[in-house]
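> I would like the atomic coordinates for the input below:
(3 chains)
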Amino acid sequence: MKTRFKIESHEFRGAFDIELTIGSGQTSQPAWSKNGKYFQELISVDNNACLVKIAHKPNSDDPIDIIAESKEQIAEEQIKARIMEIFGLNDDLPKLYDFLRSDPKLEPTIDFCKGLRLFKADNIFESVVCSITSAHNSIRQWNKAINLLKEKFGDEYKFSSGTFYSFPSPQVLANAPEHEFDEEECDPELLKTRASWKDLRSCRVGYRSKYIIKASEMVQNEIDLQKVSRMDYETAFDTILKIPGVGPKVGDCILLYGYGFGKAFPVDIWISRIVAKLYFDEKNVSNPKMRKFGIERFGNYAGYTQLYLFHYARKSGLMKTLKK
DNA sequence: CACCAGGTGTCTT
DNA sequence: AAGACACATGGT
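Numbering: from 1, shown residues only, chains lettered A, B, ... in the order given. Got it, this is the predicted structure:
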């Protein structure tokens, strides 16, 4: 099945910059690949694999252009609903901007981040592994690692525009070896083939391989990721923090980019720097206090405020003067 | 070679 | 509650 349709600008509220949204390093999933003017990725719609190609002229009134391909018949409305969800098109950006404008310290982020939306997970388990892998890592590197995980352990789907891989199930990753061979002792000839080894280390996840295996086991046995979406925010936070490799920052990333909990306020190095500068007279404040501050001050907009401050802090050049 | 990248786990004060 | 340190990997 191949179908083409549009999402008109009146079907969502406010600006939309798809390239910024996809490329801003949100830990729900790696950036979608680019093919001509389209961004494309394999997503799951009603348990069917569906290739989506999507293009939009940033912050314009042009409709969003979508092409979807799948083996099974899928209702267009279902695909549209998934896309609306993944790209945060159900979020009311004009209302967010009213909120940001109400605080002079946040107001400058609006122009800088115009059309930036939450890039939500297609697959919650994927967002858990992405968030774990993003810790103490660069955006580029965790994107590469997740794509390797998909190629080596996911299911393959071929389309005319390329080959795509689903994100592997918890069962598959729980049983994936950390090391396929002992790199110290194996034959030098074998070592040359390392890139093709089917183990977690060859996916370049580094020391996080143990966390990924253990997290996969827990998701299989004791933590129902679907249930977490129905919990209140603090209960969900406590639950997700039981997973190894998931601390406060990674946990909030999972809750925000994976589930869409608007209250989540992931405190990383950039948020720590810019919130200290804007709200604490550049004094050092502990991360737990910073998190509490964000949740209490920004409420249900904490997540979006974090997203906008993060992008602003990294890209505006404002922070160059006070790294540390 | 040192230091950093969207921190976390573990072990000490 | 807060500080010190290791941790894979790749880039500058």
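> burial measure for the residue in the stretch 1-150 of chain A that DNA strand C sits nearest to, as a count.
For the stretch 1-150 of chain A, the residue closest to DNA strand C is residue A:136, as judged by CB to the nearest atom of the strand, at 5.0 Å. C-beta here means a position set from N, CA and C on the backbone, and glycine is covered the same way. Residues within reach of residue A:136, counting by other CB atoms under 10 Å, total 10.
> Could you list the contact residues of the stretch 151-300 of chain A toward DNA strand C?
A:201, A:204, A:206, A:207, A:286, A:288 (CB under 7 Å from any atom of the strand).
> could you redo the last one with a cut-off of 10 Å?
Taking CB under 10 Å from any atom of the strand, the part of the stretch 151-300 of chain A that reaches DNA strand C is made up of A:178-179, A:183, A:194-195, A:199-210, A:284-289.
> Now, of those residues, which are buried?
Among these, those scoring as buried are A:199, A:200, A:201, A:202, A:203, A:204, A:205, A:208, A:209, A:285, A:287 (criterion: 16 or more other CB atoms under 10 Å).
> What about those residues, which are in helices?
Members of these lying in helices (criterion: DSSP state H): A:209, A:287.
> Just send the buried ones among the residues of the stretch 151-300 of chain A next to DNA strand C back as JSON lines, with pLDDT too.
As requested, these are exported to JSON lines (pLDDT from 0 to 100):
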{"residue": "A:199", "pLDDT": "97"}
{"residue": "A:200", "pLDDT": "98"}
{"residue": "A:201", "pLDDT": "97"}
{"residue": "A:202", "pLDDT": "97"}
{"residue": "A:203", "pLDDT": "98"}
{"residue": "A:204", "pLDDT": "98"}
{"residue": "A:205", "pLDDT": "98"}
{"residue": "A:208", "pLDDT": "98"}
{"residue": "A:209", "pLDDT": "98"}
{"residue": "A:285", "pLDDT": "95"}
{"residue": "A:287", "pLDDT": "97"}
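> same for DNA strand B: which of the buried ones among the residues of the stretch 151-300 of chain A next to DNA strand C are within range?
Among these, the ones lying near DNA strand B by CB under 10 Å from any atom of the strand are A:208, A:287.
> Adding distance to residue A:307, write the buried ones among the residues of the stretch 151-300 of chain A next to DNA strand C out as CSV.
Below are those laid out as CSV (distance: CB to CB, whole Å):
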residue, distance to residue A:307
A:199, 34
A:200, 29
A:201, 32
A:202, 32
A:203, 27
A:204, 26
A:205, 25
A:208, 23
A:209, 29
A:285, 20
A:287, 18
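> Which one of the buried ones among the residues of the stretch 151-300 of chain A next to DNA strand C is nearest to residue A:257?
Distance to residue A:257 across these (CB to CB) is lowest for residue A:208, with 17.5 Å.
> pLDDT weak spots in chain A?
Applying pLDDT under 70 to chain A flags residues A:321-324.
> those strands in the stretch 151-300 of chain A, which residues are they?
A:156-159, A:162-165 (DSSP state E, counting those that start in this stretch).
> The last one pairs with which strands?
Strand A:162-165 pairs in its sheet with strand A:156-159 (antiparallel), by DSSP bridges.
> got the buried residues for the strand it pairs with?
Within strand A:156-159, the residues scored as buried using 16+ other CB under 10 Å are A:157, A:159.
> So what touches that strand?
With contacts defined as CB atoms under 8 Å, 6 or more residues apart in numbering, strand A:156-159 is touched by A:42, A:49, A:51, A:69, A:163, A:164, A:165, A:166.
> now do stretch A:265-275
With CB under 8 Å, 6+ apart as the test, stretch A:265-275 has contacts from A:248-250, A:252-253, A:256, A:285, A:287, A:290-291, A:293-295, A:298, A:302-303, A:305-306, A:309-310, A:312-314, A:318-319, A:322-323.
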